[in-house]
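# everything below, folded, please.
(4 chains)
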2 protein chains.
Amino acid sequence: MSSRLDTPTDRREQILRAAMICFARRGFHQASMHDISAEAGISVGLIYRYFENKDAVISAIADQHKQRVQELLERARQAPSLLEALEVLFTAHCCDNTPQVISAFVVDLFAEAGRNPRVADLVRDVTTTAMKGVTDLIAKSPEALAGMQNMSPRELAELIFALNDGMLMRDVLAMHRPPEQIRERQLKVARNLWRLLFSHSPETAIA
Amino acid sequence: MSSRLDTPTDRREQILRAAMICFARRGFHQASMHDISAEAGISVGLIYRYFENKDAVISAIADQHKQRVQELLERARQAPSLLEALEVLFTAHCCDNTPQVISAFVVDLFAEAGRNPRVADLVRDVTTTAMKGVTDLIAKSPEALAGMQNMSPRELAELIFALNDGMLMRDVLAMHRPPEQIRERQLKVARNLWRLLFSHSPETAIA
DNA sequence: GACAAATGAATGAACGTTCATTCATTACGC
DNA sequence: GCGTAATGAATGAACGTTCATTCATTTGTC
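Here you go, the predicted model:
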């Protein structure tokens, strides 16, 4: 019985995928190693062959999140317009392959960052990297240069990120609703922000 | 030796104050009843004279938070201008009598809401009430009526709330920094939002 | 049969919760 | 006022449970 789950790397990812589901469902500290092993369909002990302990699993999950954010940023960078880039950023966490699971996880990640310095460092790292990326995105965008009021790209990026995180937090309260609905609301906010940013110079207004 | 900690009400509040500190420090589920009793300077068993169980303590803390938000809304309502009302809302959680403790707690509260339906209901309740309040605040404000682009008070309130929650999430990453610094950054964002909202109609621009 | 992969019962620490017990305070009979 | 009985706030050791972690054992591969 030699499926594609045989290499150590695949096993690690299988465990991380299960851990992600459990963490999103019950939180970092309420999800037990048994929960994770059951979700992955393996034994408890096997997890300890691939991870030193529970904290290592949490760290690996956080690293995975960092990678995901960087990929997202890359996708946004390749969008044809700033508006579309913003839409990519705002809807990422409600239409990814793993739907609204992500919001719950990210909020939990921030909560954990509030008390676990190692997690805090990683989240800070992700945040500042992403912020720099979006700042560049704005600085290089012709729309922004044309329409923006006396506000630096940096300040605008801060605004966008705060808004995005805030929406994400709100998503947690609506986890029972269908993902498309959440995505729709998310898009509406992104477009409102857009309107706010550029509607005063009618030539650049789009929607 | 009859201090002011003698009445049952005071005891309850003493326990809740300690619980709040422990929850902010370690999170709802990592903070133990022993932690709380030690922080309050009483025995474990005594907590169970005033609260049925740990969940009841969490619920009471959540209720307390609801009250705090309502008081904050009242204070915002009495501000002389919409800008000042916004500033009250945006800086509340970093300059209250209990400083940045609150951000960590609120983020944790949302995280808990993601998996505990009872907490979710309460947080939703607080959120919608506060949102209605701010929507009214905007609808009745002369500045808003004058300057706002084609955006309803409701949509604007949503934007403000998302922004506020997002900033709060970011605060968790800066818990080591002095509160005034956090407050300053918070104010800057509020003023930027303000600028965004109204600077295109120069007569209403203030800052 | 040798080696690594995988198991899951066993371990002990930590947790929420209970409850028999203590003891300062109050109420009462005289 | 004084001695005694009753009270209930407060204690913290003890209980049952859950958890992360370990490791002797089994399974599978070559």
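
# just the element for the closest residue to DNA strand C within chain A, please.
The shortest separation between chain A and DNA strand C is 1.7 Å, found at residue A:45 (distances taken as C-beta to the nearest atom of the strand). (Glycine included, C-beta is placed from N, CA and C.) Residue A:45 is part of helix A:44-50 when elements are defined by DSSP states H and E.

# ok, residues contacting that helix?
By C-beta atoms under 8 Å, 6 or more residues apart in numbering or on different chains, the residues outside helix A:44-50 that reach it are A:8, A:11-12, A:15, A:33-34, A:36-37, A:40, A:57.

# between the residues you listed, identify the one with the most neighbours.
Counting neighbours by other C-beta atoms under 10 Å in any protein chain shown, residue A:57 comes out on top of the contacts of helix A:44-50 with 26 neighbours.

# which other helices and strands contact the host helix or strand of that residue?
Residue A:57 is located in helix A:54-77, with elements delineated by DSSP H and E. Packed against helix A:54-77 by the contact rule (3 or more C-beta pairs under 8 Å, 6 or more residues apart in numbering or on different chains; DSSP states H and E) you find helix A:8-26, helix A:82-95, helix A:101-113, helix A:117-139.

# close to DNA strand D, is it?
Yes. Helix A:54-77 is in contact with DNA strand D by C-beta under 7 Å from any atom of the strand, via A:54-55.

# now that helix - C-alpha only, PDB.
Provided in PDB are the C-alpha atoms of helix A:54-77 (Å, rounded to 0.1, in the frame of the first residue of the first chain):
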ATOM      1  CA  LYS A  54       2.800  20.600  19.900                       C
ATOM      2  CA  ASP A  55       4.600  24.000  19.800                       C
ATOM      3  CA  ALA A  56       6.600  22.800  16.800                       C
ATOM      4  CA  VAL A  57       3.300  22.000  15.000                       C
ATOM      5  CA  ILE A  58       2.000  25.500  15.800                       C
ATOM      6  CA  SER A  59       5.200  27.100  14.600                       C
ATOM      7  CA  ALA A  60       5.100  25.100  11.400                       C
ATOM      8  CA  ILE A  61       1.500  26.200  10.800                       C
ATOM      9  CA  ALA A  62       2.500  29.800  11.400                       C
ATOM     10  CA  ASP A  63       5.300  29.400   8.900                       C
ATOM     11  CA  GLN A  64       2.900  28.000   6.400                       C
ATOM     12  CA  HIS A  65       0.700  31.000   6.900                       C
ATOM     13  CA  LYS A  66       3.700  33.200   6.200                       C
ATOM     14  CA  GLN A  67       4.200  31.500   2.900                       C
ATOM     15  CA  ARG A  68       0.600  31.700   2.000                       C
ATOM     16  CA  VAL A  69       0.600  35.500   2.600                       C
ATOM     17  CA  GLN A  70       3.700  35.900   0.400                       C
ATOM     18  CA  GLU A  71       2.000  33.900  -2.400                       C
ATOM     19  CA  LEU A  72      -1.100  36.100  -2.000                       C
ATOM     20  CA  LEU A  73       1.100  39.200  -2.300                       C
ATOM     21  CA  GLU A  74       2.600  37.900  -5.500                       C
ATOM     22  CA  ARG A  75      -0.800  37.300  -6.900                       C
ATOM     23  CA  ALA A  76      -1.900  40.800  -6.000                       C
ATOM     24  CA  ARG A  77       1.300  42.200  -7.600                       C
END
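
# that helix: how far from the chain's middle?
For helix A:54-77, the distance between its averaged C-alpha position and the chain's averaged C-alpha position is 8 Å (C-alpha atoms, centre = their mean, to the nearest Å).

# check stretch A:30-38 too.
For stretch A:30-38, the separation from the chain centroid amounts to 23 Å (computed by C-alpha atoms, centre = their mean).

# repeat that for stretch A:9-18.
19 Å.

# does that stretch come close to DNA strand C?
Yes. Judged by C-beta under 7 Å from any atom of the strand, stretch A:9-18 comes into contact with DNA strand C at residue A:11.

# may I have that stretch as CSV, with CA atoms only?
Once side chains and other backbone atoms are set aside, the C-alpha atoms of stretch A:9-18 remain, and they are given as CSV (Å, rounded to 0.1, in the frame of the first residue of the first chain):
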residue,chain,number,x,y,z
THR,A,9,7.4,15.6,3.4
ASP,A,10,3.9,14.4,2.5
ARG,A,11,3.4,13.0,6.0
ARG,A,12,4.4,16.4,7.4
GLU,A,13,1.9,18.1,5.2
GLN,A,14,-0.8,15.6,5.9
ILE,A,15,-0.3,16.3,9.6
LEU,A,16,-0.2,20.1,9.1
ARG,A,17,-3.4,20.0,7.1
ALA,A,18,-5.2,18.1,9.8
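
# next helix or strand past the helix or strand of chain A with the lowest mean pLDDT?
Least confident element among the helices and strands of chain A, by mean pLDDT, DSSP states H and E: helix A:142-147 (a mean of 67). Remark: after helix A:142-147, the chain's next helix or strand is helix A:153-172, criterion DSSP H and E.
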